[in-house]
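Enquirer: kindly return the folded structure for what I paste below:
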Amino acid sequence: MGAWAAEYFETHHAPSPKDLERVFDGFAPDPHGVKSSDGNFLEYHDYNFSGSTVKIGPAIYVAQGCYWMDNSTCGFLVVARARNGHFQALWNIKDLAEKHFAQRDEIGRWVFLVRLAYYNGPLAIKEVLPLPPAANGHARFLVDAYQSAEGGTAPAQLSIWEWDGAEAKPLLVKAYQYARDYRSFHFDGRTIRIATKEELQILHACGMCPEPRAVWTIRITPDGVRDLGRWFQDPEIEWADELLARIDKGKETNDLAAASVVTAVKNYIKKELAEDAVRESSLGKDFTWGMLEGCRIVSRGRQGAFVVSVDVGQLRFSYVMRMGKPYFTKVQITDRI
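Expert: Residues are numbered from 1 along each chain as shown. Predicted coordinates for the structure are as follows:
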């Protein structure tokens, strides 16, 4: 792939954006589809290749390619003019990933060639974008990738790179996840905003559910990359989860909730466990709030209230803000009818 792209740029000195998308035309044969015995659609039993290139600087290109049958396996590399004046593939993520494989870190993921599995597939590239050059003049780019796997919640990875003329140096490589039907990625030339699905300590959502939603913000500056963090769209879900997790783990709650709130939650759990024991429930001695269904905001401000819906019922919390942090003053727990 790298040799093909290098030869292309040797003979195409000013490719248009559309040309860059078609650099690999003719590189690999199209797959042969066979009508499926299970319905009116085609099945493919040989590998297919797709790829494109992006210009990130003067005579500097990032080429990305994927091959797939049941799932995609992708990679990316930098093609640029070498010291001899000719285009060459000078750097490949696969080479760097091999060095990181033993660490099982995010860069090491790019060497995984595993078969498709539930929440455990190889990385596939969603998009490669050029970024504004660094203050030192180095070209930069980002790669937004996802894990080619089944399931309603998709693991993904954002990586940002700086090309120093010999290597692509990672400025940020982090994993995130999103609900497949709620994907959102925006870059305005300075700020990246990604809609994510976050994990909580004790509450959990179904695979296809978008909750709990958050927005991850990254700022691109001439001097580097600033990770501005992830912020819940409904922070009330995170607040409730923190309280319930502390109670579950027997941790201190004085700074988070009134004693009456904690007592009410503990009494509810005792009641549920007692009823489960009478019914000989499969829950046994373990209690779970079940799946998170949603959060309804009643009011916000210095004083507020919200309702968290879970499998067992609803928890209506009231709170006041103290030094920028919530303090729960009341809870009402209603069983599901």
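Enquirer: the residue lying closest to Ser52 once chain neighbours are set aside: neighbouring residues, count only.
Expert: Nearest residue to Ser52 in three dimensions, chain neighbours excluded: Glu21, at 4.7 Å (Cβ to Cβ, 6 or more residues apart in numbering). To be clear about C-beta, it is placed using only N, CA and C from the backbone, and glycine gets the same treatment. Neighbour count for Glu21, taken as other Cβ atoms under 10 Å: 14.
Enquirer: roughly how far does Glu21 sit from Tyr61?
Expert: Separation of Glu21 from Tyr61 (Cβ to Cβ, to the nearest Å): 12 Å.
Enquirer: now the common contact residues for those two.
Expert: Thr53 (Cβ atoms under 8 Å, 6 or more residues apart in numbering).
Enquirer: got any ranges where this protein has weak pLDDT?
Expert: When residues are selected by pLDDT under 70, those of the chain lie in 69-71, 113-121, 149, 277-285, 337.
Enquirer: how is this structure carved up into domains?
Expert: Annotated domains of the chain cover 2-233, 250-335 [automatic domain parsing].
Enquirer: just put those in TSV and tack on distance to Glu242.
Expert: Shown next, in TSV, are those (distance: least, Cβ to Cβ, whole Å):
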stretch	distance to Glu242
domain 2-233	7
domain 250-335	7
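Enquirer: tell me the most buried of those domains?
Expert: The highest mean neighbour count among those, using mean count of other Cβ atoms under 10 Å, belongs to domain 2-233: a mean of 16.
Enquirer: ends of that domain, how far apart?
Expert: 42 Å (Cα to Cα, to the nearest Å).
Enquirer: off-centre distance for that domain?
Expert: Between the centre of domain 2-233 and the centre of its chain there are 12 Å (Cα atoms, centre = their mean, to the nearest Å).
Enquirer: what do you get for stretch 321-337?
Expert: 30 Å.
Enquirer: quick one: contacts of that stretch?
Expert: Contacts of stretch 321-337 (Cβ under 8 Å, 6+ apart): 236, 239, 243, 255-258, 260-261, 264-265, 268, 301-304, 311-320.
Enquirer: which ones among those lie within helices?
Expert: 236, 239, 243, 260-261, 264-265, 268 (DSSP state H).
Enquirer: and the strands in the stretch 1-150 of the chain?
Expert: Using DSSP state E, counting those that start in this stretch, the strands found in the stretch 1-150 of the chain span residues 33-35, 42-44, 48-57, 60-68, 72-81, 87-92, 123-131, 139-147.
Enquirer: angle of the fourth one against strand 48-57?
Expert: With axes from the mean of the first three to the mean of the last three Cα atoms, to 10 degrees applied, the angle from strand 60-68 to strand 48-57 works out at 160 degrees.
Enquirer: who does strand 60-68 touch, helix- and strand-wise?
Expert: Strand 60-68 sits against helix 2-11, strand 48-57, strand 72-81, strand 123-131, strand 139-147, with contacts defined as 3 or more Cβ pairs under 8 Å, 6 or more residues apart in numbering; DSSP states H and E.
Enquirer: between the ones you listed, which one is closest to Phe87.
Expert: Smallest distance to Phe87 across the helices and strands packed on strand 60-68 (Cβ to Cβ): 4.1 Å, for helix 2-11.
Enquirer: need the nearest residue in space to Gly294, chain neighbours excluded.
Expert: Using Cβ to Cβ, 6+ apart, the closest residue to Gly294 is Ser309 (5.1 Å).
Enquirer: partner strands of whichever strand or helix holds the one you found and their direction?
Expert: According to DSSP states H and E, Ser309 maps onto strand 303-310. Neighbouring strands of strand 303-310 in its sheet, by DSSP bridges, are strand 292-299 (antiparallel), strand 313-322 (antiparallel).
Enquirer: so how far is it off the chain centroid?
Expert: So, by Cα atoms, centre = their mean, the centroid of strand 303-310 is 27 Å from its chain's centroid.
Enquirer: which residues sit against that strand?
Expert: Against strand 303-310 from outside (Cβ under 8 Å, 6+ apart): 203, 234, 236-237, 240, 289-299, 314-321, 326.
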